[in-house]
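K.L.:
with the input below, show me the fold.
(chains A and B)
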There are 2 protein chains.
Amino acid sequence: MPRVTEEYRAARRQEILAAAGELFARNGFHATSMADIISASGMSAGAVYRYFRSKDELIGAVAENVLQNADGAFARLLEREATPAPVEALRTILEGVLDGVLRNNELGIDLTRIVLQVWAEAGRNSELGQRVDDAYRRLRGHHAEVARRWQAAGNLPADADPEQVGAAMLGLAQGFLIQNLLVSDTSRLGYVAGVEALLGGADRGTPKAVTAAKDAPA
Amino acid sequence: MPRVTEEYRAARRQEILAAAGELFARNGFHATSMADIISASGMSAGAVYRYFRSKDELIGAVAENVLQNADGAFARLLEREATPAPVEALRTILEGVLDGVLRNNELGIDLTRIVLQVWAEAGRNSELGQRVDDAYRRLRGHHAEVARRWQAAGNLPADADPEQVGAAMLGLAQGFLIQNLLVSDTSRLGYVAGVEALLGGADRGTPKAVTAAKDAPA
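P.N.:
Just a heads-up that it's a prediction; the model follows:
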C-alpha cells in the first residue's frame, strides 16, 4: 500500500477518534450514539464504519490512546534517569500523562474524564476489561522497574517485591486522577508534596536521598 | 410519628436501596430504569416514588451508603488507636471498607463496582458530584487526622501539611480499589506490603517504628 494512503487512513482514523473522544468526555459512553459520532466527524456512516465497526471498538481505541501516552511518558523517564525516585516517577506521570498529555494530546480534548468512563465500562464489558487489565499490568511493570532500580540503589528493603511496590506507586497516580476530577481543592503540587512527606520527607524518596540512604543501615 | 412506623419506613427504604444497588452493580446506572427498580423491589410504583423521587436520588443514596461505611470504619480506628500508622490506616480501610463493608454490607451486594459507576457519573451530574466532593473531603480529613497524630509522634517532617499527606493516603486506598476491580492479579496483602516497603519497610510506617523514628534526626 503506498505511504500516502496509510497516512491518509491514519489521519481519518484520528479525526473519528477526536470526534468520538470529545463526545465521550462531554456526554459519557452511554449517552453517545454511533449516529452522534458520525455526525460530529463530518464523514459518511460508511466511511466511519470502515474504521470502527462499533461504538465498543471506538471506546477501546480511545482508551488505548490514553494508555499509550502513559507508556510513552514512562519510557522517556526510564531512558533519561538511571535511578528515578518513586516521587519523581509520580511527578513525571502526573505532569506528563495527566496534566500534559491527557489535556493537550493529539486529540485536542481532556481525556481524563474519559478515564472514569473507561473504568466504569471496563467492569461490565469483558473486551474493554481485558484491554484495561493488560494496560495496567504494563503500567505497573514500568513502576516496578523504577522500584527495582530504587531497590538496587539501596533505597528499598532488600526483601521488598518491586511488583508490589509498583502497584502502590500506580495506586498513588490513580488516586490523584480521581481526586483531581472529583475533589474540588486538589492540587498536583500539594498531592506530590503529600506523597513526598509520607515517603519520608526531604531525606527519603527524592533523588538527593540516594547517597544518604545507601549509607543508612538496611 | 410512632417508632414502629419510622422503623417500617427505614426497612422499606433499605429494601428499595438493595434492589437498586443490585441492579446498578450488575448493569450500571444507565442501563437500569426506575421501572426495573420498581419491579425488582416488589413494591408499587407509588410506594417506591414516595421514598425516592428519581433514579438520581437513588444513585445518591446508594453512594451515600458506601461513603458512610468508610466514615464508620475510620472513626472506629481513630478511637481504638491513639497513633495509627499510615500503613495501618490503609489496612483498616481496605479490610473494613472495601473487603468487609462493601462486599458484606447491609444491602447484601458488592458495592465496589458501584463506586466506579459513581465516579463516572459524578463527573457529569453536579448534585452527585457535590456529594462525592463533600464525602471525599471528609474522608481525606480522617486520613489527615492520622497524619497529624503520626506527625506529632515525630514520624513525619514537622513542616509537612497533614491534609496533603491525607490526600496521598486516600489516593493509595482509591488506587487499590481500581486495581482490585480492574487488574486481574491484584491482592490486598500484596498491595499493603508494597505500600509498606515504599514507605520505608519494617523500620518505618508501622507502629513499632514510632519509638525508633522519634529518636532519628529530623
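K.L.:
middle-most residue in chain A, spatially?
P.N.:
For chain A, the residue nearest the mean C-alpha position is A:Ala70 (3.9 Å; CA atoms, centre = their mean).
K.L.:
so A:Ala45 sits against A:Ser39, correct?
P.N.:
No - judged on CB atoms under 8 Å, A:Ala45 makes no contact with A:Ser39 at a distance of 9.5 Å. Where C-beta positions appear, they are placed from N, C-alpha and C, glycine not excepted.
K.L.:
is the residue nearest to the centre of chain A in a helix, a strand, or coil?
P.N.:
Secondary structure state of A:Ala70, per DSSP: H, G, I helix; E, B strand; the rest coil, is helix.
K.L.:
now A:Trp150: how far from chain B?
P.N.:
To chain B, A:Trp150 is 9 Å away according to CB to the nearest CB, to the nearest Å.
K.L.:
an error on my part: the question was meant for A:Ala82.
P.N.:
To chain B, A:Ala82 is 19 Å away according to CB to the nearest CB.
K.L.:
again, but for A:Ala63
P.N.:
As judged by CB to the nearest CB, A:Ala63 and chain B stand 11 Å apart.
K.L.:
excluding its backbone neighbours, what's nearest that residue?
P.N.:
Closest residue to A:Ala63 apart from its sequence neighbours, by CB to CB, 6 or more residues apart in numbering or on different chains: A:Val118 at 4.6 Å.
K.L.:
same question for A:Glu163.
P.N.:
Leaving aside its chain neighbours, A:Glu163 sits nearest to A:Ala144 (4.7 Å; criterion: CB to CB, 6+ apart).
K.L.:
next: A:Leu23.
P.N.:
That would be A:Thr32: by CB to CB, 6+ apart, it lies 4.4 Å from A:Leu23.
K.L.:
which residues in chain A form strands?
P.N.:
Remark: no strands are assigned in chain A by DSSP state E.
K.L.:
would you map the helices across it?
P.N.:
Under the criterion DSSP state H, chain A carries helices at the ranges A:3-27, A:34-41, A:45-51, A:55-80, A:86-92, A:112-122, A:126-152, A:162-182, A:188-198, A:209-215.
K.L.:
wait, isn't the residue nearest to A:Glu163 in contact with A:Leu156?
P.N.:
No - counting by CB under 8 Å, A:Ala144 stays clear of A:Leu156, with 11.3 Å between them.
K.L.:
take the helices of chain A and lay them out in TSV including distance to B:Leu177 and mean pLDDT.
P.N.:
Listed next are these as TSV, based on distance: least, CB to CB, whole Å; pLDDT from 0 to 100:
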stretch	distance to B:Leu177	mean pLDDT
helix A:3-27	22	86
helix A:34-41	31	95
helix A:45-51	34	95
helix A:55-80	19	83
helix A:86-92	18	90
helix A:112-122	10	85
helix A:126-152	13	92
helix A:162-182	9	95
helix A:188-198	17	95
helix A:209-215	30	39
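K.L.:
report how many residues lie close to A:Ser33.
P.N.:
12 (other CB atoms under 10 Å in any protein chain shown).
K.L.:
measure the closest residue to A:Tyr136 other than its chain neighbours to A:Asp185 for me?
P.N.:
Excluding its sequence neighbours, the residue lying closest to A:Tyr136 (CB to CB, 6+ apart) is B:Val183, at 4.7 Å. B:Val183 sits at a distance of 29 Å from A:Asp185 (criterion: CB to CB, to the nearest Å).
K.L.:
these two: which has the busier surroundings?
P.N.:
B:Val183 (19 against 11).
K.L.:
picking up where we left off before, isn't the residue nearest to the centre of chain A up against A:Leu139?
P.N.:
Yes - counting by CB under 8 Å, A:Ala70 does reach A:Leu139; the two are 5.7 Å apart.
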